[in-house]
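Colleague: Starting from these lines, generate the structure:
(chains A and B)
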Amino acid sequence: GAVVSQHPSRVICKSGTSVKIECRSLDFQATTMFWYRQFPKQSLMLMATSNEGSKATYEQGVEKDKFLINHASLTLSTLTVTSAHPEDSSFYICSASTWASQETQYFGPGTRLLVL
Amino acid sequence: AQSVTQPDIHITVSEGASLELRCNYSYGATPYLFWYVQSPGQGLQLLLKYFSGDTLVQGIKGFEAEFKRSQSSFNLRKPSVHWSDAAEYFCAVGLSGGYNKLIFGAGTRLAVHP
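Modeller: You can find the predicted model right below:
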């Protein structure tokens, strides 16, 4: 149980285009979803937290107009990187928690984004 | 401020040897503590967690961890390492209240020699 998927697993795009990454909880309802960014050989950096049906809460220093997060249902959250640039290239990981077990986050497999 | 320290960036052990990965935290309240493992290019898998009760917790894949409040530590152990255990290990503190954010340590990369 508690499986989280991400799509796509990797994406290459041209500078200036937008990229959407999906995060789905497959066998549970995710009341809260989290988006992280991970640079090579580094730890995870929390970008934002989102609850279903409400606006995401962004961490300090994360541009909300750059990284659009939508959490439209209890099983789906999306991260859109708008007008992507090479410095946005990174590994993006989502996680989800349930109402019954809010303290525990279950992570997706990650999406590797390369902006040319 | 809350923080998690994993003092060892890289550890190498021989297959079959015992393993201990260190984790120290700084948090004013009673922490929720987690260990996650990440294989190359993959997401994080939960190994074990501590919320309260017995300070020695058992996890998956033969791992265990012990919470020591006096030392602000939550070290991960395994009595006999397998080659498939080679991965990156992250210790994390869960912040109570709000949306239960996790604060991660920098990670420890484990290499296993045959």
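
Colleague: Surely A:T17 is in contact with A:T82?
Modeller: No - judged on Cβ atoms under 8 Å, A:T17 makes no contact with A:T82 at a distance of 9.0 Å. No exception for glycine: its C-beta is placed from N, CA and C like everyone else's.

Colleague: Neighbour count for the two, which is higher?
Modeller: A:T82 (15 against 12; other Cβ atoms under 10 Å in any protein chain shown).

Colleague: Over to that one: give its phi and psi.
Modeller: phi -90, psi 140 (degrees, to the nearest 10).

Colleague: Also B:S70?
Modeller: Torsion angles, degrees, to the nearest 10, at B:S70: phi -60, psi -30.

Colleague: same check, this time on B:D85
Modeller: Dihedral angles (degrees, to the nearest 10) for B:D85: phi -80, psi -10.

Colleague: and it, what does it touch?
Modeller: The contact partners of B:D85, by Cβ atoms under 8 Å, 6 or more residues apart in numbering or on different chains, come to B:L19, B:K61, B:K78, B:L110, B:V112.

Colleague: got it, and A:L26?
Modeller: A:L26 neighbours (Cβ under 8 Å, 6+ apart): A:V3, A:V4, A:S5, A:T75.

Colleague: Would you mind naming the residues that bridge with residue 94?
Modeller: Let's take chain A. For A:C94, the beta-bridge partners are A:W35 (DSSP bridges).

Colleague: The chain in question should be chain B.
Modeller: With DSSP bridges as the rule, B:G94 is bridged to B:Y32, B:L102.

Colleague: any idea how far A:Q102 is from it?
Modeller: Computed as Cβ to Cβ, to the nearest Å, the B:G94 to A:Q102 distance reads 9 Å.

Colleague: follow-up on the earlier one: next step: the contacts of B:D85 restricted to strands.
Modeller: B:L19, B:K78, B:L110, B:V112 (DSSP state E).

Colleague: what touches both of B:G94 and A:Q102?
Modeller: Joint contacts of B:G94 and A:Q102 (Cβ under 8 Å, 6+ apart) are B:N100.

Colleague: Of those two, give the one with the bigger neighbour count.
Modeller: Each of B:G94 and A:Q102 has its neighbours counted (other Cβ under 10 Å); B:G94 has more, 22 against 16.

Colleague: For that one, list the residues it contacts.
Modeller: By Cβ under 8 Å, 6+ apart, the neighbours of B:G94 are A:E103, A:T104, B:P31, B:Y32, B:L33, B:F34, B:N100, B:K101, B:L102.

Colleague: Where neighbours are concerned, which of those residues has the most?
Modeller: B:F34 (27 neighbours).

Colleague: hang on, that residue in a strand?
Modeller: Yes - counting by DSSP: H, G, I helix; E, B strand; the rest coil, B:F34 is part of a strand.

Colleague: Surely it touches B:A92?
Modeller: Yes - the pair B:F34 / B:A92 is scored as a contact, 4.4 Å apart, by Cβ under 8 Å.

Colleague: overlap in contacts of the two?
Modeller: B:L102.

Colleague: and chain A, which residues reach chain B?
Modeller: A:4, A:6, A:32, A:34, A:41-44, A:46, A:49, A:51, A:57, A:91, A:93, A:95, A:97, A:102-110, A:112 (Cβ under 8 Å from any Cβ of the partner chain).

Colleague: what about 10 Å?
Modeller: Within chain A, the positions near chain B by Cβ under 10 Å from any Cβ of the partner chain are A:2, A:4-6, A:9-10, A:31-34, A:36, A:38, A:41-46, A:49-51, A:57, A:59, A:91, A:93-95, A:97, A:101-112.

Colleague: Sounds good, over and out.
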